[in-house]
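Q: below is the sequence, then the predicted model.
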Amino acid sequence: MTKRFASPDEAIHDVFGGARIMFGGFVAAGSPATLVAALVRRGTQGIVAIANNIGIGDNLDDLCERKQLSRMIASFAIRASSARESRFERLYRAGEVELELVPQGTLAERIRAGGAGIGGFFTPTGIGTVAAEGKETALIDGKLHVLEYPLRADFAFICAHQADEAGNLVYRGTSRNFNALMATAADVVIAEVQEIVPVGAIDPEHVVTPGIFVDRLVLSGERHVSWY
Amino acid sequence: MTKRFASPDEAIHDVFGGARIMFGGFVAAGSPATLVAALVRRGTQGIVAIANNIGIGDNLDDLCERKQLSRMIASFAIRASSARESRFERLYRAGEVELELVPQGTLAERIRAGGAGIGGFFTPTGIGTVAAEGKETALIDGKLHVLEYPLRADFAFICAHQADEAGNLVYRGTSRNFNALMATAADVVIAEVQEIVPVGAIDPEHVVTPGIFVDRLVLSGERHVSWY
Amino acid sequence: MSAGISRELIALRVARELRPGQTVNLGIGLPTLVAQFVEVGSGIVLHGENGLLGYRPAPGSAEDFDPDFINAGGEPIALVPGSCFFDSALSFAIVRGGHLDVAVLGGLQVSERGDLANWCVPERGGGSIGGAMDIATGARRLIVAMEHQTRDGQPRIVRECDYPLTASSCVDLIVTDLAVIEVTGRGLLLTEVAPGVTVSEVIQATGAPLAVSRQVKGMDL
Amino acid sequence: MSAGISRELIALRVARELRPGQTVNLGIGLPTLVAQFVEVGSGIVLHGENGLLGYRPAPGSAEDFDPDFINAGGEPIALVPGSCFFDSALSFAIVRGGHLDVAVLGGLQVSERGDLANWCVPERGGGSIGGAMDIATGARRLIVAMEHQTRDGQPRIVRECDYPLTASSCVDLIVTDLAVIEVTGRGLLLTEVAPGVTVSEVIQATGAPLAVSRQVKGMDL
């Protein structure tokens, strides 16, 4: 019983218009480029995307070419100073896509909470800033905290280094980032990997994402990444 | 700059009366037996202990011989049915030690929250039971949740398989359990390990507890564990 | 009153409920016996709340006991291809986050609404919650495996639990030495009786109203 | 007005604040330059909020760029003995949980109370919070490294930030091309001036009241 799909297009065959999709990765590290390219080909509209970053050179910015996003939840979107404008930035300024900016640690924790069945949590991050505006706060241990709620999605597109046929995943370098969290927080988790090995080939001590979290596997295409 | 101490007694030299101490381990797996034995020798009184379990055969039960515990926070303490009584159980029934029973997942999450700077979290676990009595609740997404607060301690006594001199830890089998969480949630973290290797000898991909969390290292004594 | 089936047969009957691809947690005691009937390669993945996925019971002995490879009851386990280890936070993220397809827990009492009490005998005091509250709350499907009655012949299936609750309205199926009973939105439904046990004997031994399924049959063993 | 020191020298001055055994996070931009002055073996552990501890800047080139080994700014890094990787939840547990001894962030504005604004230029809109709010809130000691004034010659150190805040009362030390300024409970305290810069020039370039330390001296470079 393998979870392997023959192509990224087949692996995302049931992504529907308006779907809420999490995309792993931190800048280029662990970004599911192959799955994003398939989503661009598929042309699905009205996507609510959850990802750390969307900017110049990011794979996700490709979803702006045909205006596939209706809403973006991210920590990095518009650089405070930047010579060039991303496609996302242009759409955002034109009012064609919504943006919910979330502090990165809060974003990570909200996704973890979504995967862990935590109904909400108090964080000191964002107090006194727009990130806490309109939100419930509480004084805990002498310190103001803001109540944040979990994030979940219909799909998670993630990227790991190696999988076994059961979906156990290991990552490489700084590519765990949001991938390992998003693997727990979506109804359908699709992982692209460099290599799929037989069940049992990964040392049980080294598995980072247990296979029960992963629904589908597909091989990554060649990576074209530029250092920017 | 090594974090290694020559003996467990030196590693716990500053544990004070009334200290709040976390003890890792789940039954025998990952239980810091060497450090507990040193604490028994030291005879420190009034300890508030946080651990998953205290029962017959558990190392922690040894702290009851000289009534060193004032309060126990645990998920497993008194078995619903048991032929033999632990020393903890006898003290508890005599009113000589307090017991706060916490659902295991809530205990894990409270310790994680303590280490992660989360001020509190909502969990559905315990609703409708004594575990939620007197606590704040909230209806989130149609489901009642109870608000739980973080746990921290003055010291954490943990047990891992291998450390490098910088305190990076790897575990073995089912011994990660509470150890990996408690490593993040105490002012002074003392780890006993089977082996201490040079910095750089553990693959960066395989480190489970980053060394920055670990203050002191000591070698484990021989383990005497019976299967019960 | 006829003697019911053995604990091993209760475990076997529970194992029949499990499906390939499911992630399954087995509680301490009787539920642990279910592991013996889960074949390696069945596609059923056993979860131990102490921090592992994918295991099988190990024969084990006092001499070669390795305390780092245990189930949540402290008993020795062996790995299967695809096993992995993690800490207690991730372990209960699996439980609480809805990633556990089925859990099998022991019971002291189950109410007609599916409330479960299994962590404290009031006469003894104290108690041990362990992972039971999280598991009863978080598992998508909860099966309780227990003796139908106490040693004193008191029913364990009752209108209202008088023991402290583990979780309310959490039980989906009860498998005992006498019967298989579903917890439905309209109360308890008897669907199977143990070999040699009659429907009226089960009703007699049950402390809550029990509807009898039209398809009631002998236990699927 | 004398020209202040270069960005590299600002980074060098910041690096002088770091001590062996400290865990240190460096923000994107100017703060990243500090890494060049942290020697391997110094006992200072660099934290990348993208999920690593223990790294050094890698020379790197477009040809051999490996996107799996980057800092939070997307630039190539190399490992040092004792490096390790983890996910974003643990990374921000480190930040939020008080395990970060020092953070160095860039700034757009800092107020006299130590409020920091560094993620959004209102004229541009949108913005990028990244890890800045968590880091500014969680770090035990926060150093802001920035140019003393904007390109238009407006002060960045002000009575009240008019840019959206990153966190309030979070900054401990400000290091600029002109000066080193401590944020104290009684306001801003000038402790060092850059080579060739006078105290009155610093006061002139600062938009908030500035007390001058009795021990004010030349920058420790």
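A: Here it is on my side, so go on. Numbering: from 1, shown residues only, chains lettered A, B, ... in the order given.
Q: pLDDT of the strand or helix carrying A:I73, averaged?
A: Following DSSP states H and E, one finds A:I73 within strand A:69-74. For strand A:69-74, the mean pLDDT works out to 98.
Q: before we move on, what about stretch A:159-175?
A: Computed over stretch A:159-175, the average pLDDT equals 98.
Q: now do the SS call for C:D64.
A: coil (DSSP: H, G, I helix; E, B strand; the rest coil).
Q: just the pLDDT for it.
A: 82.
Q: residue ranges with poor pLDDT in chain A?
A: Where chain A drops to pLDDT under 70, the residues are A:1, A:80-83, A:224-228.
Q: would you map the strands across chain A?
A: Counting by DSSP state E, one finds strands in chain A at the ranges A:20-23, A:47-51, A:69-74, A:98-101, A:120-123, A:137-140, A:143-148, A:153-164, A:169-170, A:186-197, A:216-219.
Q: name the helices or strands packed onto the strand holding A:I73?
A: strand A:47-51, helix A:87-93, strand A:98-101 (3 or more C-beta pairs under 8 Å, 6 or more residues apart in numbering or on different chains; DSSP states H and E). From N, CA and C alone the C-beta is placed, and that goes for glycine too.
Q: hmm, back to that, any chance of the strands of chain A in a markdown table, with mean neighbour count and distance to B:L101 too?
A: Output for those, formatted as a markdown table (neighbours: other C-beta atoms under 10 Å in any protein chain shown; distance: least, C-beta to C-beta, whole Å):
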| stretch | mean neighbour count | distance to B:L101 |
| --- | --- | --- |
| strand A:20-23 | 26 | 36 |
| strand A:47-51 | 25 | 37 |
| strand A:69-74 | 21 | 38 |
| strand A:98-101 | 16 | 40 |
| strand A:120-123 | 25 | 23 |
| strand A:137-140 | 13 | 23 |
| strand A:143-148 | 20 | 26 |
| strand A:153-164 | 26 | 36 |
| strand A:169-170 | 24 | 36 |
| strand A:186-197 | 21 | 34 |
| strand A:216-219 | 22 | 41 |
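Q: now those strands as TSV including distance to C:C161?
A: What follows is the strands of chain A, written out as TSV (distance: least, C-beta to C-beta, whole Å):
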stretch	distance to C:C161
strand A:20-23	39
strand A:47-51	41
strand A:69-74	43
strand A:98-101	44
strand A:120-123	29
strand A:137-140	34
strand A:143-148	33
strand A:153-164	38
strand A:169-170	42
strand A:186-197	34
strand A:216-219	42
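Q: direction included, what does the strand holding A:I73 pair against?
A: Sheet pairing for strand A:69-74, assigned by DSSP bridges, gives strand A:47-51 (parallel), strand A:98-101 (parallel).
Q: any chance of these in JSON lines, plus distance to A:R20?
A: Shown next, in JSON lines, are the strands paired with strand A:69-74 (distance: least, C-beta to C-beta, whole Å):
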{"stretch": "strand A:47-51", "distance to A:R20": "4"}
{"stretch": "strand A:98-101", "distance to A:R20": "12"}
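Q: all helices for chain C, in order.
A: Secondary structure of chain C, counting by DSSP state H: helices at C:7-15, C:88-96, C:132-138, C:199-205.
Q: pull the distance from stretch C:65-77 to the chain's centre.
A: 19 Å (C-alpha atoms, centre = their mean, to the nearest Å).
Q: which residues are contacting it?
A: Here stretch C:65-77 makes contact (C-beta atoms under 8 Å, 6 or more residues apart in numbering or on different chains) with B:26-31, B:161, B:172-175, B:223, B:225-228, C:26-29, C:32, C:35, C:48-50, C:52, C:55-60, C:78-79, C:130-131.
Q: report the buried members of the residues you listed.
A: Buried residues within these, counting neighbours by 16 or more other C-beta atoms under 10 Å in any protein chain shown: B:26-31, B:161, B:172-175, B:225, B:227, C:26-29, C:32, C:35, C:48-50, C:52, C:55-58, C:60, C:79, C:130-131.
Q: and the residue lying farthest from the centre of chain C, how far is that from A:N179?
A: Going by C-alpha atoms, centre = their mean, the residue of chain C most distant from its centre is C:E63, 30.0 Å out. Per C-beta to C-beta, to the nearest Å, C:E63 is found 43 Å from A:N179.
Q: do the same with A:I127
A: 29 Å.
Q: more neighbours, the two?
A: The neighbour comparison of A:I127 against A:N179 (other C-beta atoms under 10 Å in any protein chain shown) goes to A:N179, with 31 against 19.
Q: show me what contacts the more buried one?
A: A:N179 neighbours (C-beta under 8 Å, 6+ apart): A:24-25, A:30, A:158-160, A:171, A:191, A:209, D:87.
Q: burial measure for the residue nearest to A:G128 when sequence neighbours are not counted, as a count.
A: Leaving out its chain neighbours, the residue that sits closest to A:G128 by C-beta to C-beta, 6 or more residues apart in numbering or on different chains is D:S168, at 4.0 Å. If you count neighbours by other C-beta under 10 Å, D:S168 ends up with 19.
Q: residue contacts, D:S168?
A: A:127-129, D:113-115.
Q: how near is it to chain B?
A: D:S168 sits 17 Å away from chain B, going by C-beta to the nearest C-beta, to the nearest Å.
Q: and that residue, what's its pLDDT?
A: pLDDT, D:S168: 97.
Q: spit out the contact partners of residue 25.
A: Since you didn't name a chain, this refers to chain A. A:31-32, A:51-53, A:59, A:159, A:175, A:177-179.
Q: correction: the question concerned chain C.
A: When contacts are taken as C-beta under 8 Å, 6+ apart, C:N25 is in contact with C:46-49, C:95, C:100, C:102-104, C:131, C:135, C:139.
Q: make it 7 Å
A: C:47, C:49, C:100, C:103, C:135, C:139 (C-beta atoms under 7 Å, 6 or more residues apart in numbering or on different chains).
Q: neighbours around the closest residue to the third one other than its chain neighbours, how many?
A: Here the nearest residue to C:L100 in space, its sequence neighbours aside, is C:A139; by C-beta to C-beta, 6+ apart that works out to 4.6 Å. By the measure other C-beta under 10 Å, the count of residues near C:A139 is 26.
Q: so what's C:A139 scoring on pLDDT?
A: Residue-level pLDDT assigned to C:A139 equals 98.
Q: now C:G54
A: On the pLDDT scale, C:G54 gets 97.
Q: re earlier: and the strand holding A:I73 with strand A:153-164, angle?
A: Between the axes of strand A:69-74 and strand A:153-164, defined by axes from the mean of the first three to the mean of the last three C-alpha atoms, to 10 degrees, the angle is 60 degrees.
Q: how far does strand A:69-74 sit from the chain's center?
A: 11 Å.
Q: can I get it in CSV, CA atoms only?
A: Output of strand A:69-74 as CSV, limited to C-alpha atoms (Å, rounded to 0.1, in the frame of the first residue of the first chain):
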residue,chain,number,x,y,z
LEU,A,69,-5.4,33.6,-4.8
SER,A,70,-8.3,35.2,-3.1
ARG,A,71,-6.6,35.5,0.3
MET,A,72,-3.1,35.2,1.7
ILE,A,73,-2.3,34.4,5.3
ALA,A,74,1.5,35.0,5.7
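Q: hmm, who's touching it?
A: A:46-54, A:63, A:88, A:97-102.
Q: next: stretch A:205-224.
A: A:3-5, A:7-8, A:11, A:33-34, A:159-160, A:163-164, A:166-171, A:176, A:180, A:183-184, A:188-194, A:196, B:206, C:23, C:45, C:53, C:82, C:84-86, C:99.
Q: send the alpha carbons of it over as PDB?
A: In PDB, the C-alpha atoms belonging to stretch A:205-224 read as follows (Å, rounded to 0.1, in the frame of the first residue of the first chain):
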ATOM      1  CA  GLU A 205      14.900   7.500  15.500                       C
ATOM      2  CA  HIS A 206      15.300   9.900  12.500                       C
ATOM      3  CA  VAL A 207      11.700  10.200  11.300                       C
ATOM      4  CA  VAL A 208      10.600  13.800  11.700                       C
ATOM      5  CA  THR A 209       7.100  13.600  10.300                       C
ATOM      6  CA  PRO A 210       5.300  10.300  11.100                       C
ATOM      7  CA  GLY A 211       3.700   8.600   8.000                       C
ATOM      8  CA  ILE A 212       0.200   8.700   9.500                       C
ATOM      9  CA  PHE A 213       0.100  12.400   8.800                       C
ATOM     10  CA  VAL A 214       0.900  12.100   5.100                       C
ATOM     11  CA  ASP A 215      -1.700  11.100   2.500                       C
ATOM     12  CA  ARG A 216       0.100  11.400  -0.800                       C
ATOM     13  CA  LEU A 217       3.600  11.400  -2.100                       C
ATOM     14  CA  VAL A 218       5.100  12.600  -5.300                       C
ATOM     15  CA  LEU A 219       8.600  13.100  -6.500                       C
ATOM     16  CA  SER A 220       9.900  16.600  -6.800                       C
ATOM     17  CA  GLY A 221      10.900  17.900 -10.200                       C
ATOM     18  CA  GLU A 222      14.300  19.400 -10.800                       C
ATOM     19  CA  ARG A 223      14.800  22.500  -8.600                       C
ATOM     20  CA  HIS A 224      15.500  25.800 -10.200                       C
END
